[in-house]
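Enquirer: how would this look folded up:
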Amino acid sequence: MDVSNPPSRTRTRLAPEDRRAQITAAAVKVFAGRDPSAVTFEEIAEAAGVSRALVYNYFGDRSGLVGAVCLECYSLLDNAIAPAFDSGQTPGQQARSWIRRYLQFAFDYPEAWSIIGAATANQHPSVLQARSERIEMIVARWGGTPEVRVVVGALSGLLHSAVMAHLENEDEQLEFEDLVDLVGLLAWKGMSHLLPEGIAAYQDRPVPSFDDFKNP
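Expert: Numbers count the residues shown, from 1 in each chain. Model (predicted):
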């Protein structure tokens, strides 16, 4: 065989939406754990089994590709946390379920979670809209006030930081339920209820409700 001229790969003809989804799925795996600016279109094309030109045809430029990847990952996260906001539950119960489901998503889908974190500064219009809609959906369920908007934004950042801190030390990680309890208590009561008596004290306390948070 002439290795200087390898045979071309046979590509299955797909509908445009299916081809776009195939390339996006391949890009999610390539982007995982990396700086999006360091990923080349050649890598994405190789992973998807298509030409570099085809990637450009579907996404236009790097911003369009990163935006599509972010949206795919946000969609996975949305599906994971959506059941938390059951109208039959109190805001406090919803918050605890949100915390649990977000943490579980981060551990079940590490590639998607890492991309969401790495692309937090992405300014692609569709990504900005997706982030805004996600926050506003939760804010509306909890009353729609400016105070709630700040709380939701802060909790979103807290969840990401908590996962980062948990993963940094593989030798001394909390059990999953302990992690849920700790983040829940930190979110609704704050550090002042943990530090004076020692972090270990949180294990013997129930996680406060949203009403507790409003009336400390």
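Enquirer: burial of the residue nearest to Ala84 when sequence neighbours are not counted, as a residue count?
Expert: Using C-beta to C-beta, 6 or more residues apart in numbering and skipping the chain neighbours, the partner closest in space to Ala84 is Ser97 (3.7 Å). The way it works is simple: take the backbone N, C-alpha and C, and place the C-beta from them, glycine included. Neighbours of Ser97 under the rule other C-beta atoms under 10 Å: 17.
Enquirer: right, and Ser97 touches Gly88 too?
Expert: No: contact between Ser97 and Gly88 fails when scored by C-beta atoms under 8 Å: they sit 11.4 Å apart.
Enquirer: could you pull out the buried residues of stretch 18-34?
Expert: Neighbour counts over stretch 18-34 (16 or more other C-beta atoms under 10 Å) mark Arg19, Arg20, Gln22, Ile23, Thr24, Ala26, Ala27, Val28, Val30, Phe31, Ala32 as buried.
Enquirer: again with stretch 180-191
Expert: For stretch 180-191, using 16+ other C-beta under 10 Å, the buried residues are Val180, Asp181, Leu182, Val183, Gly184, Leu185, Leu186, Ala187, Trp188, Lys189.
Enquirer: show me what the helix or strand harbouring the second one is packed against.
Expert: Under the criterion of DSSP states H and E, Asp181 resides in helix 176-189. Contact here means 3 or more C-beta pairs under 8 Å, 6 or more residues apart in numbering; DSSP states H and E; on that basis helix 176-189 packs against helix 91-108, helix 146-168, helix 210-214.
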